[in-house]
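Engineer: what follows is a predicted structure for the sequence shown.
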2 protein chains.
Amino acid sequence: MTAFDNSNTVDIWRRHFLGASATATVALASAPLPFLAGISSVRAAEVSALPGIQAILFDVQGTIVDFYSTLVTAGDRMGANKGISADWDGVINDWRKLYRQGLDEVIGGKRAWVTTDVIYREALDTLLSKYPWGATFSAAERDELNGIWRRLTPWEDTIPGLTRLRKHYTLSTLSNGSMASVIGIVKNGNLPFDCVLTSELARSFKPDPKVYQLATSSFGLPPEKILMVACHKYDLKAAKALGFKVAFIPRPLEFGPKGKVDLAPEPYFDLFAKDLNDLARTLGS
Amino acid sequence: MTAFDNSNTVDIWRRHFLGASATATVALASAPLPFLAGISSVRAAEVSALPGIQAILFDVQGTIVDFYSTLVTAGDRMGANKGISADWDGVINDWRKLYRQGLDEVIGGKRAWVTTDVIYREALDTLLSKYPWGATFSAAERDELNGIWRRLTPWEDTIPGLTRLRKHYTLSTLSNGSMASVIGIVKNGNLPFDCVLTSELARSFKPDPKVYQLATSSFGLPPEKILMVACHKYDLKAAKALGFKVAFIPRPLEFGPKGKVDLAPEPYFDLFAKDLNDLARTLGS
């Protein structure tokens, strides 16, 4: 774990409490919360690099689940059944780009709000029209492929990391995925979240501030007591601007072995943890 | 379990599948869901009295948690510390009535939407002004008492019943309580829900149809695939009118040993289960 903080307060705090040895256990005070001060901590975390945090929000697609390999595997299987040899790496990466364009059209007011299910499905039609083999995919097969976004496989560290963090923090998703897709991912993967929040509930998409404000109002907590965790910088930058603490988790394989991913630390990161197990350690779980 | 259904379809279904013996196990088909058909079942339920159900919604205050005894215990403790002997049974029951009036003012458009945290807190002030000892409660003590609504104790059957149901169904709250209060109740009680939905997300309160429609849109399921569970008839009646299946759970002690509760079966109940364990049995979990 590397702590990034403009003011070095985290490093100062760690030195103060841990001294030369990093093995000491300091129980953090967990005072009873006054009215409207939000959810209460179930159990105080042990030494945490961010002692004020009570709730943690997670981006889902990319950060919690590996959409790339789940979709490439599904595409390969469907393609093999049809005798098609397609470049699924290219398809999935183009699909994700078209999806982002769809979200930005909604945020920019160019079209009315729709769920990501609709955006992904429309993008798939656009995409398949560019491939000679695309027309062999029936509407039902396109629906089936689109439905994979509801059954994405978690990364190896996801369940153990969340399980540890959940002992000390309230854990929620904060995803651009539709409610139904994120509930599907959580339920199919047995992911140990306490609740499911998505941009659908704010009728917008990240990085629109409305989506992050949904989390502060739902938890009844000020943003500085909430940590946003993502592998995407745009998400953390938006949350940080609103006063949230932010943790970056690199997912170098998000777009597959050939994918380009920006993993460089930024001065606005409060934490940089290599995966969710590392994050749990860093936050005293 | 007693099944109530105008058309007797549930009883006919049960006789058809179970015959004289109720021990047979019939695996229900769980076909892959098409696009936008909502969340998929994780595992098919065994014999269920309502085979089409995929998700279950639970009222919280009264149905899942015992607000009466949690609050009477807290009031007694706080009163004893102050040397006050108060009729907490009366206080809690009046508090709940004033709360309901507050919700109805919002639904009726007489006031702008506010969270139930605010409604409970205002009602407490109104209530305490009627008792000679009321003035001895400081604002901080009132806040503390009000905060108990976020830490209500589950009924004895709640956790085992939900744990069994969760294997086959997606479980969510659908509460009039604020998001922060329901997240608090779920987290403090380790209640095994898959997600937390409350009327706050629809900026209204049950029985406003908007609140139930939040559940259909969030799950991406038609109402007939969703079961609403409550100990309050007004809640089930509203859900049923929108096409949901409904199950009544009697909570005879909801308002304490002297409380009057309407427990009579109604023709619109799809199910009447004596508690959540009984509901789990009835639904094949």
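Structural biologist: Done, it's in.
Engineer: any idea of the pLDDT on residue A:45?
Structural biologist: Confidence per residue is given as pLDDT, and for residue A:45 that number is 74.
Engineer: just confirm it is within a strand.
Structural biologist: No: secondary structure assignment places residue A:45 outside any strand; it is coil (DSSP: H, G, I helix; E, B strand; the rest coil).
Engineer: how deep is it tucked in, by neighbour count?
Structural biologist: Taking other CB atoms under 10 Å in any protein chain shown as the neighbour definition, residue A:45 ends up with a count of 22. In this view, the C-beta of every residue, glycine as well, is placed from N, C-alpha and C.
Engineer: who's in contact with it?
Structural biologist: If you count contacts by CB atoms under 8 Å, 6 or more residues apart in numbering or on different chains, residue A:45 has them with A:28, A:51, A:53, A:168-169, A:283-285.
Engineer: among the residues you listed, which one lies nearest to residue B:60?
Structural biologist: In terms of CB to CB, no member of the contacts of residue A:45 lies closer to residue B:60 than residue A:169, at 21.7 Å.
Engineer: quick check: the closest one vs residue A:222, distance?
Structural biologist: If you measure residue A:169 against residue A:222 using CB to CB, to the nearest Å, the figure is 15 Å.
Engineer: more neighbours: these two, which one.
Structural biologist: More crowded of residue A:169 and residue A:222, by other CB under 10 Å: residue A:169, with 27 against 14.
Engineer: contact partners for the closest residue to residue A:175 other than its chain neighbours?
Structural biologist: Spatial nearest neighbour of residue A:175, chain neighbours left out: residue A:60 (3.9 Å); criterion: CB to CB, 6 or more residues apart in numbering or on different chains. Applying CB under 8 Å, 6+ apart, we find residue A:60 in contact with A:173, A:175, A:177, A:182, A:185.
Engineer: hmm, 10 Å instead?
Structural biologist: Residue A:60 is in contact with A:67, A:152, A:154, A:158, A:173-177, A:181-182, A:185-186, A:191, A:193, A:196, A:198, A:230, counting by CB atoms under 10 Å, 6 or more residues apart in numbering or on different chains.
Engineer: same check, this time on residue A:207
Structural biologist: If a contact means CB under 10 Å, 6+ apart, then residue A:207 has A:103-104, A:107, A:176, A:199, A:232, A:234-239, A:241-242 as its contacts.
Engineer: which of those residues are buried?
Structural biologist: Taking 16 or more other CB atoms under 10 Å in any protein chain shown as the criterion, what is buried in the contacts of residue A:207 is A:103, A:107, A:176, A:199, A:232, A:235-236, A:238-239, A:242.
Engineer: can you flag which of these belong to helices?
Structural biologist: Taking DSSP state H as the definition of helices, the buried ones among the contacts of residue A:207 contribute A:103, A:107, A:235-236, A:238-239.
Engineer: for these, give me a markdown table that also has pLDDT and distance to residue B:255.
Structural biologist: Compiled in a markdown table, those are given as follows (pLDDT from 0 to 100; distance: CB to CB, whole Å):
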| residue | pLDDT | distance to residue B:255 |
| --- | --- | --- |
| A:103 | 94 | 48 |
| A:107 | 92 | 48 |
| A:235 | 98 | 46 |
| A:236 | 98 | 48 |
| A:238 | 98 | 46 |
| A:239 | 98 | 43 |
